[in-house]
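Asks: any chance you could fold what I've pasted below:
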Amino acid sequence: MSSRLIGRLPKVGIRPVIDGRELGVRESLEVQTMDMAKAAAKLIEETLRFPSGEKVECVIADTTIGGVADAAACADKFKREGVEVSLTVTPCWCYGTEVMDTDPSTPKAVWGFNGTERPGAVYLAAALAGYSQKGLPAFGIYGKEVQDGGDQTIPQDVSEKILRFVKGGLAVAQMNGKSYLSIGYSSMGIAGSMVDVNFLQDYLGVRSEFVESVEILRRIDEGIFDQEEYAKALAWTKENCIEGKDYNSPEAQKSAEVKEAEWEKVVKMTLICKDLMNGNPKLKEMGFGEESKGRNAIMGGFQGQRQWTDYQPNADYTESILNSSFDWNGIRQAYTFATENDCLNAISMLFGHLLTNKAQLFSDVRTYWSPESVERVTGKKLTGIAKDGIIHLINSGSTTLDATAQQEDADGNPTMKPFWDISEEDVQRCLDNTKWPAAIAEYFRGGGFSSQFKTKGELPMTMCRINLVKGIGPVLQIVEGWSVELPEDVHEVLDERTNPTWPTTWFVPRTTGTGFFKDVYTVMAKWGANHGAISHGHIGADLISLAAMLRIPVNMHNVNEDDVFRPSAWSAFGEGLEGADYRACKNYGPLYGFKE
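Replies: Take a look at the predicted model:
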């Protein structure tokens, strides 16, 4: 397992801070303080991995930190070791600003031990006040229950906050310095595909790379791709990607020879898009040194419609395979690759991928089906969690094949997994339950093939989306809910009313009876764009913490208020959580840009 991106993986720094008064005080706390740091490091290293599979590594300061000199020595070590996320821990009072981490570039949190022997909570409050006064937002971690001084266990509520903070901080660090690869530009006037280079740089630290779609044709025509891998990929595709029903009218259907040529081209497109993102040393061996380097892209998108797809095969196959956790080379980390070059949805997908290590769905948020409408057209009533209505998530075949939910957990239940937990049997079930119908000619004159499946089971899912609003900047929407599996006859009737060649996920958001989540219809009506990024699991709280680190306010979510975890300074901006979020994000400004 190794990252395909250039640059070392970020590490987590653990800072054990201590009361620096010697002749008894510091000496009595050395072991307890350092043990807290070791316990935090153990929790992180045993729990978290990067999306590329490597385990997260922690770096602990060489000594406890009792004053400015110790803090400087720790900062120097962290810089040398590549630390990009900082967690301070203490069981006691310390000299606030003298021991604090003042690096403005690192996400930071402080865990103050809830005990009575020494005032760890008092230091926590003093430190957080100092961070706020200096304009360095920090997350405060404090357990609900009082622990005994010698208790080295980490309570559940504390461990949840530590892991939530670290996952978010590592996501921030992994994006910084990487690229978004835009193949083509604006698709069909979709605002999200009009790549905003300043937003990417200022808020995420991500550079924008642009490649005109004609580069794919050049590489096809000049043979600038790995010929051996192409032969392997084409053979795998022929064996595993079964063509589905051709829904085109007889006069619009293409011959077997034309379809064969299209299959060959879409496989080449997939190899080339992969090479454009992250390079390929084989190309250098072939004499194409510049092409071999790639763009160090952590995410990308393909414009497609209309200029490309009016005369070339669409990229549905390319996007589906790249977004999946497997291909002809075996099981591997999924890529983050957006259809229609919707950069904002790619970013939303990337958030989910970095937080869960799993492949992400790209879907149109297509249709709200009320119980009454379903009964009218099918003669059947919706039942179970779908009884109050459903949202049809569907897109032109670009969704990850992991979303078939044919992977199984230890009990045989449908799920989605990080790639290192996926079995060959899981992969085969995903492939066996996907068909590849010819693209509908009225949409895609140039042909191609779209994946066709439906998501199995009742999976917890979270849909999110970044939107840009003039005068505000970026905002994030979050909806937790579940996929649902409809009876086959109901599914067929509803699916046939739209484009049946595309993959379907039936989604039910968790409603609250009030506000934006009053009911399923209101969730659909309040969604801010035509696309959504969907992740397996309920990760809304993780997304909220990540958004705060990036200074992106959340304008819509159905996460329990008790699970909302933001830097402590946010409480200084008012009691209403969402209003305070907007004010705090505006006050601190983009992480890498200029505050207006």
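Asks: so A403 touches P503, yeah?
Replies: Yes - at 6.8 Å, A403 and P503 qualify as touching, with contact defined as CB atoms under 8 Å. Yep, even glycine has a C-beta here, placed from its N, CA and C like the rest.
Asks: ok, these two, which is more surrounded?
Replies: Just comparing A403 and P503: by other CB atoms under 10 Å the higher neighbour count belongs to A403, 33 against 28.
Asks: now that one: phi and psi?
Replies: Backbone torsions for A403, taken as degrees, to the nearest 10, come to phi -70, psi 0.
Asks: please enumerate the shared neighbours of A403 and P503.
Replies: 453, 455 (CB atoms under 8 Å, 6 or more residues apart in numbering).
Asks: what does the pLDDT read for the nearest residue to I190 once chain neighbours are set aside?
Replies: Nearest non-adjacent residue to I190, counting by CB to CB, 6 or more residues apart in numbering: E340, 5.7 Å away. We have a pLDDT of 93 for E340.
Asks: which stretches in the stretch 101-250 of the chain count as strands?
Replies: Shown for the stretch 101-250 of the chain, the strands assigned by DSSP state E, counting those that start in this stretch span residues 108-112, 138-141, 179-183, 207-211, 242-243.
Asks: got TSV for these, with mean neighbour count and mean pLDDT too?
Replies: What follows is these, written out as TSV (neighbours: other CB atoms under 10 Å; pLDDT from 0 to 100):
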stretch	mean neighbour count	mean pLDDT
strand 108-112	27	96
strand 138-141	25	97
strand 179-183	26	97
strand 207-211	17	97
strand 242-243	13	96
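Asks: read off the pLDDT value for the residue nearest the centre of the chain.
Replies: The chain has G352 as the residue nearest its centroid, 2.1 Å off, counting by CA atoms, centre = their mean. At G352, the model reports a pLDDT of 98.
Asks: leaving out the residues flanking it, which one is nearest to it?
Replies: S535 (3.4 Å).
Asks: now the nearest residue to V374 once chain neighbours are set aside: how far from S373?
Replies: Leaving aside its chain neighbours, V374 sits nearest to L382 (5.3 Å; criterion: CB to CB, 6+ apart). According to CB to CB, to the nearest Å, L382 and S373 sit 10 Å apart.
Asks: list the contacts for V85?
Replies: Neighbour list for V85: 10-13, 106-108, 166, 169-170, 172-173 [criterion: CB under 8 Å, 6+ apart].
Asks: low-confidence stretches in the chain?
Replies: Residues of the chain that meet the criterion pLDDT under 70 lie in 116, 595-596.
Asks: pull the number of nearby residues for the residue nearest to G352.
Replies: 27.
Asks: start at 105, not 1
Replies: In the new count, where the first residue is 105, that last one comes out as S639.
Asks: assign it to helix, strand or coil.
Replies: strand (DSSP: H, G, I helix; E, B strand; the rest coil).
Asks: the contacts of V189 in helices, which ones?
Replies: 270, 273-274, 276-277 (DSSP state H).
Asks: looking at those, which one is closest to M204?
Replies: Closest to M204 out of the ones in helices among the contacts of V189 is G273 (16.6 Å), distances taken as CB to CB.
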